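Asks: next comes the sequence, and after it the predicted model I'd like to discuss.
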Amino acid sequence: MAEVRLENVTKSFGKLTVIPDISLTVPDKSFTVLVGPSGCGKSTLLRLIAGLERPTSGTIRIGGDDVTDDEPSKRGISMVFQSYALYPHMSVARNIDFGLRISNMPTEEREKRLAEAARILALEDYLDRKPSELSGGQRQRVAIGRSIVRNPKVFLFDEPLSNLDAALRTQMRVELAELHHSIDSTMIYVTHDQVEAMTLADQIVVMNKGRIEQIGSPMDLYDTPASVFVAGFIGSPKMNLLPGKALGRPDIATVGIRPEDLEVTENDGWDTKARVVETLGSDTIAYVRVEDVGEMTVRLPGHIRLKDGDRLKLRADPERQHHFDEDGRRIERTDV
């Protein structure tokens, strides 16, 4: 497998600049997730790595080799798309090894790779079936199998779970994590879903308007977001972002408080009224309004029973607050 390195890569379409200037290292054998809202440039960046788009400027290296001008087939990569793109008239086995067949790979080696991919993806019992006889999750596994048999240096995934329902997405997240552990490969994964990013990644790259906001492990981004954008994007429910002046902190533009860092108190605290309550079993999520402060979300243990309209006092843990300046950048605290 291989390290992927982007050096001062830019991408423009005519007068529209989608990637202003990005430098990024994807470590060998890591599971790196590019995450951000629609239009942030994450899929364009993946296509640049794949060779489906050429950079306007900059250098792309895979395994130390400059592949900036190489065709996709010469880069040692394999890509799994949002669409399964399976041949409906072919069996699972033929779909998986089709690329090997057209490259005239010897039968013995082709069958060996097919058997190994089927074993890894638990598809041995489905090799003779057609795609129409499979579930959505099984079809996606077939698409992944088609990539595995090529023995690529790098696997690229472009929102592969977005067509699946919630239960299948959860199942496939587990299977993708197990796949990464079993084949110990470099994987780059694009998603707009921060839950996928948090559960799958060794390294998360948060993108916004074609730029990198922050790179780090899931918990680095969760515990120490580098900007207001990252603070509001990573975490579900998202962080409460409140004006510092409203909290008596005129020297701080924005104060961030995670919903779970608010607690119900008997004495000191904000007097609030629950506008809407979501009872989720393990958690109770309440959406409240604090006078002269703003709207807030609080996550409480599931055993705390609330209903819409209930009044409660809330206190924010002062040691778990996040401070940001006028430019939305993190202020490192010295008072904790």
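Replies: Received it, and whenever you're ready, just let me know what you need.

Asks: can you report how many residues lie near residue 120?
Replies: For residue 120, the count of nearby residues is 17 (other Cβ atoms under 10 Å). Backbone N, C-alpha and C define where each C-beta goes, glycine included.

Asks: once you drop chain neighbours, what's closest to it?
Replies: The shortest distance from residue 120 to any non-neighbouring residue, by Cβ to Cβ, 6 or more residues apart in numbering, is to residue 182 (5.7 Å).

Asks: what about the one you found, which SS state?
Replies: helix (DSSP: H, G, I helix; E, B strand; the rest coil).

Asks: how near is the residue nearest to residue 59 when sequence neighbours are not counted to residue 40?
Replies: Excluding its sequence neighbours, the residue lying closest to residue 59 (Cβ to Cβ, 6+ apart) is residue 7, at 4.4 Å. From residue 7 across to residue 40, the span is 20 Å (Cβ to Cβ, to the nearest Å).

Asks: right, and the helix or strand after the helix or strand of the chain with the lowest mean pLDDT?
Replies: When each helix and strand of the chain is scored by mean pLDDT, DSSP states H and E, helix 166-183 comes last, with a mean of 86. Later in the chain than helix 166-183, the nearest helix or strand by DSSP states H and E is strand 186-191.

Asks: how far off helix 166-183 does that following strand point, in degrees?
Replies: 160 degrees (axes from the mean of the first three to the mean of the last three Cα atoms, to 10 degrees).

Asks: what helix or strand does the residue nearest the centre of the chain sit in?
Replies: By Cα atoms, centre = their mean, the chain has its centre lying nearest to residue 197, at 2.8 Å. Here residue 197 sits within helix 194-200, counting by DSSP H and E.

Asks: what angle sits between the next helix or strand after that helix and strand 186-191?
Replies: Proceeding N to C from helix 194-200, the next assigned helix or strand is strand 203-208, under DSSP H and E. On the basis of the same axes, to 10 degrees, strand 203-208 is oriented at 40 degrees to strand 186-191.

Asks: partners of strand 203-208 in the sheet?
Replies: Sheet pairing of strand 203-208 (DSSP bridges) gives strand 31-35 (parallel), strand 211-216 (antiparallel).

Asks: if we can go back for a sec, show me what the least confident helix or strand of the chain is packed up against.
Replies: helix 107-120, helix 136-148, helix 194-200 (3 or more Cβ pairs under 8 Å, 6 or more residues apart in numbering; DSSP states H and E).

Asks: so what touches that helix?
Replies: The contact list for helix 166-183 (Cβ atoms under 8 Å, 6 or more residues apart in numbering) reads 31, 120-121, 135-137, 140-141, 144, 148, 157, 160-161, 164, 187, 189, 196, 199-200.

Asks: please convert the buried members of the residues you listed into ChimeraX selection syntax.
Replies: Under the burial definition 16 or more other Cβ atoms under 10 Å, those of the contacts of helix 166-183 that qualify are selected in ChimeraX by:
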select :31,120,121,137,140,141,144,148,157,160,161,164,187,189,196,200
